[in-house]
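Student: Next one to model:
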Amino acid sequence: MTEHQGNGFTDRSATPKERPTLKTIAFMTGLGITTVSRALKDAPDIGAETKERVRMVARQLGYQPNRAGVRLRTGKTNVIALVLGIDEEILGFSNQMVVGISEVLSGTPYHIVVTPHAHTKDPMLPVRYILETGSADGVIISRTEPDDARVQLLMEQNMPFATHGRTNTREAHPYHDFDNEAFAYTAVERLVNKGRRRIALLPPPSKLTYYEHTFTGFMRGLKAFGADEVPLHINIDAPLDQIRARVQDLMSGPDAPDGIISSSGSSAIAANAGIEAAGLRIGRDLDLVAKQSTPILKWIRPEIITVHEDVRQAGRELAKAVIARIDGVEPQLLQSISEPRWD
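Tutor: Predicted coordinates for the structure are as follows:
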């Protein structure tokens, strides 16, 4: 009931607030509806000043495009699906990736929808879901394998996509990657420069492409700088308490390494705990090199040698690549690799 019985007055508190539309923005800006629509789509023939005025009014009004209507008119969802592991690197990896993607999408009609999955489950499930439901215009996937079935399926279905990591697929596809080979090679060099000669690698899982790159760089470094490998027999996907226990056992035995290289920040924390549980200390008894996406390891143990992987920048590059692929840009033009940045 929107009127009080007996007095004829309308109860404004019960009147639903009208959803702002393109027509509302056009009225507020004095522009035509077509101009407003094209400004919000970042059309090249609309001036920057006009675009900014339209976007400011849209933000103030809380305007959101009617996705159902857009899909009916154009067949597009204006959604980019990010398939992201719920058990990714705990020290900010997922958050930094989402932030980077969102920074690029904020100036476009597209929105990010995170499709979570566990790396212990079938990695094809989220991709099949997106394809079967038609719930996205483009897809971003991570944790790539050399022969990645998800990549093959996305290609077969002509779905625009970009990968965080490379594959060995013969047909080119968009990707952004971190140079893990250069990271591992330089990590060995830095340890040898500190007088370390017996080095253990805490690598990614062997099924992933970046394991190949990391291990290749590690072995090249050992050969180039005259160091020896000490097998660790565990990878960064193992539970942190297992990494801690394995490192403690190794450091307590006769074959303890004097240098360790970790492929992630969280596993470096677990390794440090194992080292200290064995009664040893980084910077004195051995040295540890670790890759990280947020600058937290120096707070825990300043002696750790760290290299920064800019996952936020990776998110930006992936978002730009998948949008460009939607627009028809050739995939070989949408491939990039970032270099290690030593702290």
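
Student: give me every residue that touches K23.
Tutor: Listed by C-beta atoms under 8 Å, 6 or more residues apart in numbering, the contact partners of K23 are I33. Glycine gets a C-beta too; all of them are placed from N, C-alpha and C.

Student: Report how many residues lie close to V83.
Tutor: As a burial measure, V83 scores 24 neighbours (other C-beta atoms under 10 Å).

Student: How about whatever helix or strand E189 lives in, which residues are buried there?
Tutor: E189 belongs to helix 180-193 when assigned by DSSP states H and E. Neighbour counts using 16 or more other C-beta atoms under 10 Å place 180-181, 183-188, 190-192 of helix 180-193 among the buried residues.

Student: Export these as TSV, with columns for pLDDT.
Tutor: Output for the buried residues of helix 180-193, formatted as TSV (pLDDT from 0 to 100):
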residue	pLDDT
N180	98
E181	98
F183	98
A184	98
Y185	98
T186	98
A187	98
V188	98
R190	98
L191	98
V192	98
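
Student: circling back: which helices and strands sit right next to the helix holding E189?
Tutor: Using 3 or more C-beta pairs under 8 Å, 6 or more residues apart in numbering; DSSP states H and E as the contact criterion, the elements in contact with helix 180-193 are strand 198-202, helix 209-225, strand 259-262, strand 287-292, strand 305-308.

Student: Pick the most deeply packed of the ones you listed.
Tutor: strand 259-262 (a mean of 29; mean count of other C-beta atoms under 10 Å).

Student: chain center to it: distance?
Tutor: Centroid separation between strand 259-262 and its chain, computed with C-alpha atoms, centre = their mean, to the nearest Å, is 24 Å.

Student: Also compute the angle for the helix or strand following it relative to strand 287-292, please.
Tutor: Going down the chain from strand 259-262, the next helix or strand is helix 265-277, by DSSP H and E. Interaxial angle, helix 265-277 versus strand 287-292 (axes from the mean of the first three to the mean of the last three C-alpha atoms, to 10 degrees): 160 degrees.

Student: Just the mean pLDDT for helix 265-277, thanks.
Tutor: Average pLDDT, helix 265-277: 96.

Student: Show me the contact partners of that helix.
Tutor: 89-91, 202, 236, 238, 240-241, 243-251, 260, 262, 281-282, 285-286, 288, 290-294, 296-297, 300-301, 304.

Student: Grab the CA positions of the host helix or strand of S336 and hand them over as CSV.
Tutor: Element membership of S336, judged by DSSP H and E, is strand 335-338. Output of strand 335-338 as CSV, limited to C-alpha atoms (Å, rounded to 0.1, in the frame of the first residue of the first chain):
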residue,chain,number,x,y,z
GLN,A,335,52.1,-12.0,-25.1
SER,A,336,54.4,-10.5,-22.4
ILE,A,337,56.9,-11.6,-19.7
SER,A,338,58.0,-9.5,-16.7
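
Student: Which parts of it count as buried, going by neighbours?
Tutor: Per 16+ other C-beta under 10 Å, strand 335-338 contains these buried residues: 335, 338.

Student: And the strands in the chain?
Tutor: 79-85, 111-117, 138-141, 161-164, 175-178, 198-202, 228-229, 259-262, 287-292, 305-308, 335-338, 341-342 (DSSP state E).

Student: Would you mind putting those strands into CSV with distance to T216 and mean pLDDT alongside?
Tutor: Converted to CSV, the strands of the chain look like this (distance: least, C-beta to C-beta, whole Å; pLDDT from 0 to 100):
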stretch, distance to T216, mean pLDDT
strand 79-85, 24, 91
strand 111-117, 28, 88
strand 138-141, 23, 96
strand 161-164, 19, 98
strand 175-178, 14, 98
strand 198-202, 11, 98
strand 228-229, 13, 98
strand 259-262, 13, 98
strand 287-292, 16, 96
strand 305-308, 17, 96
strand 335-338, 14, 98
strand 341-342, 19, 94
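
Student: Distance to A321 added to these, as a markdown table?
Tutor: Shown next, in a markdown table, are those (distance: least, C-beta to C-beta, whole Å):
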| stretch | distance to A321 |
| --- | --- |
| strand 79-85 | 11 |
| strand 111-117 | 14 |
| strand 138-141 | 9 |
| strand 161-164 | 4 |
| strand 175-178 | 7 |
| strand 198-202 | 30 |
| strand 228-229 | 36 |
| strand 259-262 | 28 |
| strand 287-292 | 22 |
| strand 305-308 | 21 |
| strand 335-338 | 8 |
| strand 341-342 | 21 |
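
Student: What's the ChimeraX line that selects buried ones from the contacts of helix 265-277?
Tutor: Restricted to buried positions by 16+ other C-beta under 10 Å, the ChimeraX selection for those reads:
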select :89,91,202,236,238,240,243,244,245,246,247,248,250,251,260,262,282,286,288,290,291,292,293,294,297,301,304
